[in-house]
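Enquirer: Following is a predicted model, sequence given first.
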Amino acid sequence: MTIPVALLLSFLPAMLWGILGVLSALTPPKDLPALYAAGLLSGLGAVACAVLSQLGIGFILPAGLSFPGTPLASAIVAVTEEAARTAAIGLVVAFLPVLSGVRGGDSADESAYRRGVLWFGLMSGLSFFAFESLWFALRAPESLALRLAWTLPLHGSAGIMAASVFSARGKRWGGLALAVFFHAAWDFFREPSRASSPAFLFLSLLSLLGAVFTAFILWNAAPVRDSRS
């Protein structure tokens, strides 16, 4: 696989998801460029914040504790990436709603507002995957095929879980906690030194399926009113 092809495949899922939004009448055609811009902006911002956070923590912790493959290392990756993803989604939804495609938010249109937030969360998760994949594509373009099957569903699901924090008037942080849990479990079990074991490979797949199923439940759940409204 050549690098140009790898780069194209990295961004293709986000591009296709935006087009699917237009075909599903969830995104007006005129808003598609803005949706792409917002998704890429939030994805890039989340990746940058996560990387800087991980580098900072790496300088503070002893090398043995933060060494890749340890439970703490998996937790650090999950917390930094999901916190950065949630913050990026929240900032765009709060301050750039026109770009994100999120409309309304009043009690009469809670369902449409919630679906718009989750839709953007998925777009942001796919954009995060795209920018993260740039590093892997430049180092080993052939690794992207595995990432498309094994990593893309996790980032898309985590994007929905992160966005669920903002899908109602009051913040509900359970979505962030779920994203961290599934991400940490998936990252720990799929670490190369363990992934060769069928048992750990199965646990990694189970974590991935759990994330996808949880995102599906959140996507189809009815809006929940804020008790303060």
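Expert: Sure, I can see it.

Enquirer: Now for A25, how many residues are close by?
Expert: 8 (other CB atoms under 10 Å). Any C-beta I mention is one placed from the backbone N, CA and C, and that applies to glycine too.

Enquirer: Over to it. Which of the three states is it?
Expert: Three-state call for A25 (DSSP: H, G, I helix; E, B strand; the rest coil): coil.

Enquirer: and the gap between it and A185?
Expert: As judged by CB to CB, to the nearest Å, A25 and A185 stand 36 Å apart.

Enquirer: How about L52?
Expert: L52 is 24 Å from A185, by CB to CB.

Enquirer: more crowded one of the two?
Expert: Relative neighbour count places A185 above the other of L52 and A185, with 20 against 12, counting by other CB under 10 Å.

Enquirer: right, and that one touches S207 too?
Expert: Yes. In this structure, A185 is within contact of S207 by CB atoms under 8 Å, at 4.1 Å.

Enquirer: Quick one: the helices in this structure, in order.
Expert: For the chain, helices defined by DSSP state H occupy the ranges 3-23, 32-60, 63-66, 71-95, 97-100, 110-139, 144-150, 152-163, 174-189, 192-195, 198-220.

Enquirer: So for the fourth one, mean pLDDT?
Expert: Translated: helix 71-95. Helix 71-95 shows a mean pLDDT of 91 in the predicted model.

Enquirer: repeat for the first one
Expert: Confidence over helix 3-23, taken as the mean pLDDT, stands at 85.

Enquirer: May I see the buried residues of that helix?
Expert: 6-7, 9-11, 13-15, 17-18, 21 (16 or more other CB atoms under 10 Å).

Enquirer: tell me what it is packed against?
Expert: helix 32-60, helix 110-139, helix 144-150 (3 or more CB pairs under 8 Å, 6 or more residues apart in numbering; DSSP states H and E).

Enquirer: ok, now with 10 Å
Expert: Contact here means 3 or more CB pairs under 10 Å, 6 or more residues apart in numbering; DSSP states H and E; on that basis helix 3-23 packs against helix 32-60, helix 110-139, helix 144-150, helix 152-163.

Enquirer: centre of the chain versus the second one, how much separation?
Expert: Taking CA atoms, centre = their mean, to the nearest Å, the mean C-alpha location of helix 110-139 is offset from the chain mean by 5 Å.

Enquirer: One more: the first one?
Expert: Taking the mean C-alpha point of helix 32-60 and that of its whole chain, the gap between them comes to 11 Å (CA atoms, centre = their mean).

Enquirer: For G121, see how far away R114 is.
Expert: R114 is 11 Å from G121, by CB to CB.

Enquirer: which intervals of this structure have sub-threshold pLDDT?
Expert: The model of the chain has pLDDT under 70 over residues 1, 62-69, 98-109, 169-170, 193-195, 222-229.

Enquirer: residues in contact with the nearest residue to S143 once chain neighbours are set aside?
Expert: What sits nearest to S143 in space, not counting adjacent residues and going by CB to CB, 6 or more residues apart in numbering, is F136, at 5.2 Å. Applying CB atoms under 10 Å, 6 or more residues apart in numbering to F136 gives the contacts 6, 10, 142-144, 146-147, 151.
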